[in-house]
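>>> Kindly generate the corresponding structure for this input.
(one chain, ligands or ions: 1)
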Amino acid sequence: MKKINLGVLVSGSGSNLQAIIDNIESGKLDAIIRVVISNVSGVRALERAKNHNIPAVVIDHENFSIREKFDREAVAILKSHSVDLVIMAGFMKILTPVFLRAFPGKIINIHPALLPSFQGLHVQQKAFDYGVKFSGCTVHFADEGVDTGPIIIQAVVPVYGDDTAGILQQRILKEEHRIYSQAIQFYAEGRLEIDGRKVHIKDSGIMETPRMYNPPLEKF
Ligand code: GAR
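Residues are numbered from 1 along each chain as shown. As a prediction, this is how the structure comes out:
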């Protein structure tokens, strides 16, 4: 199968980047990471790229007073590496239309909550403080809004009484590492079709556990 060329945008630790690298190296994910771009220098994600001989570039956002200029530079680098699909993996900047128009329907993001609940930043803490019994993560196509694009896949995790926001964050992150690769593989296999807000996935299975309760039901 033809492998798709990825460009990965990062800002921090890069554990999602690492999971994608590991799934590519073990042959499960039909992709090649052509370039990693960070808007922050010195972050762990850059080290991870270096460890796997993946070209990594820093475009320090502080050098750009106009966001569009940052985006133009990033787009030029991605195009020069023949990137087919842009992966936002813990990338903490909002893309302008300049970027979105350069890769229409070809940019995906991961968000550590069950969208459309808890958009924006620090959402694991927000979900925890809200007292939800389930949270999770979402992979979606990027659009002009913040965390608003068509949803590809979501994973649900329970929130327990003795959790902390940190424990919840780790539980969600573990699922992020699985669903992001799955979403990319769906894309690589040409199985995703965007239809307005809906993303149709050709020949996808149905979930094994059709209902979840937290806490479990006792009599009903
Ligand atoms: C992940 O939890 C990701 O979902 C989140 O940042 C973390 C990055 O971790 N992204 C956002 O909040 C985007 N608004 P990582 O750098 O270890 O992959």
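>>> All the strands of this structure, residue numbers only.
Taking DSSP state E to define them, one finds strands in the chain at 4-10, 31-38, 56-58, 85-88, 107-111, 134-141, 151-158, 192-195, 198-201.
>>> Reformat those as TSV; add mean neighbour count, distance to Gln125 and mean pLDDT.
(Glycine included, C-beta is placed from N, CA and C.) Below are those laid out as TSV (neighbours: other Cβ atoms under 10 Å; distance: least, Cβ to Cβ, whole Å; pLDDT from 0 to 100):
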stretch	mean neighbour count	distance to Gln125	mean pLDDT
strand 4-10	24	21	98
strand 31-38	22	24	98
strand 56-58	18	28	98
strand 85-88	23	20	98
strand 107-111	23	14	98
strand 134-141	23	11	98
strand 151-158	18	15	98
strand 192-195	14	31	98
strand 198-201	14	28	98
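>>> out of those strands, which comes closest to the ligand?
Taking Cβ to the nearest ligand atom, strand 107-111 is the member of the strands of the chain nearest to the ligand, at 4.5 Å.
>>> Please identify the pairing partners of that closest one and their relative orientation?
In the sheet, strand 107-111 lines up against strand 85-88 (parallel), strand 134-141 (antiparallel) (DSSP bridges).
>>> For Leu115, find the nearest of the ones you listed.
strand 134-141 (4.4 Å; Cβ to Cβ).
>>> how about the CA coordinates for the closest one, as PDB?
Backbone C-alpha positions of strand 134-141 (Å, rounded to 0.1, in the frame of the first residue of the first chain) are rendered in PDB as follows:
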ATOM      1  CA  PHE A 134     -17.000  10.200  31.400                       C
ATOM      2  CA  SER A 135     -14.500  12.200  29.400                       C
ATOM      3  CA  GLY A 136     -12.200  11.200  26.500                       C
ATOM      4  CA  CYS A 137     -10.500  12.500  23.400                       C
ATOM      5  CA  THR A 138     -11.400  13.400  19.800                       C
ATOM      6  CA  VAL A 139      -9.600  13.400  16.500                       C
ATOM      7  CA  HIS A 140     -11.200  15.800  14.100                       C
ATOM      8  CA  PHE A 141     -10.500  17.700  10.900                       C
END
